[in-house]
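Colleague: Predicted model and sequence below, questions to follow.
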Amino acid sequence: MGVFTATLTGNQWQRRFLSFEEDASARPWQIPYLYRNGGQPGKKVTCIAAIHGDELNGVRMLHELAAVLEGAPLRGSLCLVPVANLMGYANHSRYLPDRRDLNRMFPGLRDGSEGARLAYHLWQQFIAESDYVIDVHSGSYNRWNFPHLRGNMKENAMRAWAAKLSGVIVLNSSGVAGSLRKEAGKAGKPVFLIEAGETGRFEKKIVMQGLVLLLKLLAALDLIDAHLLEEARAFLTTAVLPETPPGYYRKAVWQRATQSGLFIPNAAPGEHVRAGQLLGTITDLFGHKRAEIFSETDGFILGMHLHPQVVPGRALFHIAYDFRELQGEGTE
Ligand SMILES: [Zn+2]
């Protein structure tokens, strides 16, 4: 029995815990969630964050979303899971205590490893009955991501969802086996992943931009009225997103370090670049230039490596390219 079977309706959040197994001191893990059934027909949507336990911007985004929607009418049902990987979160870690990645274990196994069991419970309680899923992440390993969406744009339902989104950067990407995105997609549930900021931080601007993305995604599903988004935008003065028509980038490429040394960026996530444009330089320990990094494509910088010390092959800039508009387009 999942959370969406709750029949209590109303305009206030129910704040509850999902008990899961036990920690080493024999106390049950208590995974927090917020649930609302608006009492009107509509879709069932789950927003989930911190599947990687150190990706915290999404936690705050869901708190802000809950505050914005408090008391507001809702068509359908909405479940928010601010910290899915409570084990990793407790250790300030991306991973589970056994060093495995929860986001490779969906849909999980009832009698499997500790991570497979957690994935199973999350799946059964929140995902199995959801019509749509939003999964919030941040850049890992010294990476910073401009707030954007990732989803499998080969799916008609995903394209229909994305066609209602403007001012949003979307990258076509279906995810890897065992990830929530991939497995929920295989189960016929459209999933958008939000990538925003870096790990271990509450970045105010990122959180506000992520909140706008969440509101846009929910308004596109008709779960909330569009005017809520406009009202939110009025006070979210820091949440500026690019003016882009509905559409998506088909591909992305990593520009990598060609030499070791110290990396000095000359561009930033959120910027459009041209093929041949200087993205950054790498110096030696005397500060002398060793290499220049140029963009191999026209595109949009999604993400960037933050730590100055680099070695050959280190991924420096993640650049999306090959933009396709969705407005007025039929399904492929
Ligand atoms: Zn992640």
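Modeller: Now that the structure is in, tell me what you want to look at. Since the structure is predicted, the reported quantities are computational estimates derived from the model, not experimental observations.
Colleague: When you work out contacts or count neighbours from here on, use the C-alpha atoms and nothing else.
Modeller: Will do.
Colleague: what residues does the stretch 51-200 of the chain put near the ion?
Modeller: 52, 137 (CA under 5 Å from the ion).
Colleague: any weak-confidence spans in the stretch 51-200 of the chain?
Modeller: The model of the stretch 51-200 of the chain has no residue with pLDDT under 70.
Colleague: now the helix or strand hosting residue 117: how far from the chain's centre is it?
Modeller: For residue 117, the host element (DSSP states H and E) is helix 114-122. Remark: helix 114-122 is offset 20 Å from the chain centroid, using CA atoms, centre = their mean, to the nearest Å.
Colleague: before we move on, what about stretch 76-87?
Modeller: Computed by CA atoms, centre = their mean, the chain-centroid distance of stretch 76-87 equals 13 Å.
Colleague: Contacts made by stretch 28-37 with the rest, please.
Modeller: With contacts defined as CA atoms under 8 Å, 6 or more residues apart in numbering, stretch 28-37 is touched by 3, 6-23, 74, 76-84, 86.
Colleague: And it, what's buried?
Modeller: Neighbour counts over stretch 28-37 (16 or more other CA atoms under 10 Å) mark 29, 31, 32, 33, 34, 35, 36, 37 as buried.
Colleague: What of stretch 70-82?
Modeller: Residues of stretch 70-82 classed as buried by neighbour count (16+ other CA under 10 Å): 73, 74, 75, 76, 77, 78, 79, 80, 81, 82.
Colleague: mind checking how far the closest residue to the ion within the chain is from residue 226?
Modeller: Closest residue of the chain to the ion, CA to the ion: residue 137 (4.2 Å). Distance, residue 137 to residue 226, by CA to CA, to the nearest Å: 25 Å.
Colleague: what's the first-to-last distance across stretch 89-96?
Modeller: So stretch 89-96: terminal residues 9 Å apart, CA to CA.
Colleague: Helix or strand: which one has residue 217?
Modeller: Counting by DSSP H and E, residue 217 is part of helix 204-220.
Colleague: what angle do the helix or strand just after that helix and helix 204-220 make?
Modeller: Per DSSP H and E, the first helix or strand lying C-terminal to helix 204-220 is helix 226-235. Counting by axes from the mean of the first three to the mean of the last three CA atoms, to 10 degrees, helix 226-235 lies at 170 degrees to helix 204-220.
Colleague: Helix 226-235 packs against which elements?
Modeller: helix 204-220 (3 or more CA pairs under 8 Å, 6 or more residues apart in numbering; DSSP states H and E).
Colleague: Show residues contacting the helix it packs on.
Modeller: Outside helix 204-220, the residues touching it (CA under 8 Å, 6+ apart) are 57-58, 60-62, 64-65, 147, 161, 164-165, 168, 194, 196-197, 224-226, 228-229, 232-233, 236, 238-241.
Colleague: Just the buried positions in that helix, please.
Modeller: Under the neighbour-count rule (16+ other CA under 10 Å), helix 204-220 has 205-220 buried.
Colleague: just those residues that are near the ion?
Modeller: Okay, of these, nothing touches the ion (CA under 5 Å from the ion).
Colleague: what secondary structure does the residue of the chain closest to the ion sit in?
Modeller: strand (DSSP: H, G, I helix; E, B strand; the rest coil).
Colleague: now residue 62
Modeller: Applying three-state DSSP: residue 62 is helix.
Colleague: and the host helix or strand of residue 43, what does it pack onto?
Modeller: Taking DSSP H and E as the criterion, residue 43 maps to strand 40-49. In terms of contacts (3+ CA pairs under 8 Å, 6+ apart), strand 40-49 is packed against helix 57-69, strand 75-81, strand 132-139.
Colleague: beta partners of the residue of the chain closest to the ion?
Modeller: Residues in a beta bridge with residue 137, per DSSP bridges, are residue 195.
Colleague: Isn't it up against residue 194?
Modeller: Yes - counting by CA atoms under 8 Å, residue 137 touches residue 194, with 5.9 Å between them.
Colleague: what about those two, which has more around it?
Modeller: Neighbours per residue (other CA atoms under 10 Å) separate residue 137 from residue 194, with residue 137 holding more: 28 against 23.
Colleague: got the contact list for that one?
Modeller: Counted by CA under 8 Å, 6+ apart, residue 137 has contacts 49, 50, 51, 52, 55, 57, 58, 193, 194, 195, 196.
Colleague: And for residue 77?
Modeller: 4, 35, 36, 37, 38, 39, 42, 43, 44, 45, 223.
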